[in-house]
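Trainee: got a structure for you, letters missing:
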């Protein structure tokens, strides 16, 4: 006869089959209801390796912006602030050639607004070939 409450011999077991069924059902629900939409589609024109195109084009027009927001078109400083003085300086330097490539060189500490102002001025003048100059990260080059 057994006296006392000796439950050490009982084995406890958790049935996880129903838990796995629920998790797989939730996983299928999320996979089927999720939309995979690209929120922004940026059109990028990749550079060409052919040297024939480079020989016929005019050299790129350079718009430089220092960390204080002063703009330079080529080597000439733009006097005044805002879009209009910058547009006048760019129009003087570029002439009628709106297909000429333009490179914006901005200091890394330049506020974003100055770069957007330069891009706005170029867009209002009709320039379509725009690039922003960068320097390679030295930390990324090291193994």
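Mentor: Nice, I can see it. As the structure is a prediction and not an experimental result, all values here were calculated from the model.

Trainee: and the next helix or strand past the helix or strand of the chain with the lowest mean pLDDT?
Mentor: Comparing every helix and strand of the chain by mean pLDDT, DSSP states H and E singles out helix 51-56 as the least confident one, with a mean of 50. Beyond helix 51-56 in the direction of the C-terminus, DSSP states H and E gives the next helix or strand as strand 61-65.

Trainee: and that next one, average pLDDT?
Mentor: Model confidence over strand 61-65, given as mean pLDDT, is 91.

Trainee: that one - contacts with which helices or strands?
Mentor: In terms of contacts (3 or more C-beta pairs under 8 Å, 6 or more residues apart in numbering; DSSP states H and E), strand 61-65 is packed against strand 71-73, helix 83-94, strand 102-106, helix 112-125. To be clear about C-beta, it is placed using only N, CA and C from the backbone, and glycine gets the same treatment.

Trainee: note down every partner strand of the third one and its orientation.
Mentor: So that's strand 102-106. Sheet pairing here is set by DSSP bridges, and for strand 102-106 it gives strand 61-65 (parallel), strand 130-132 (parallel).
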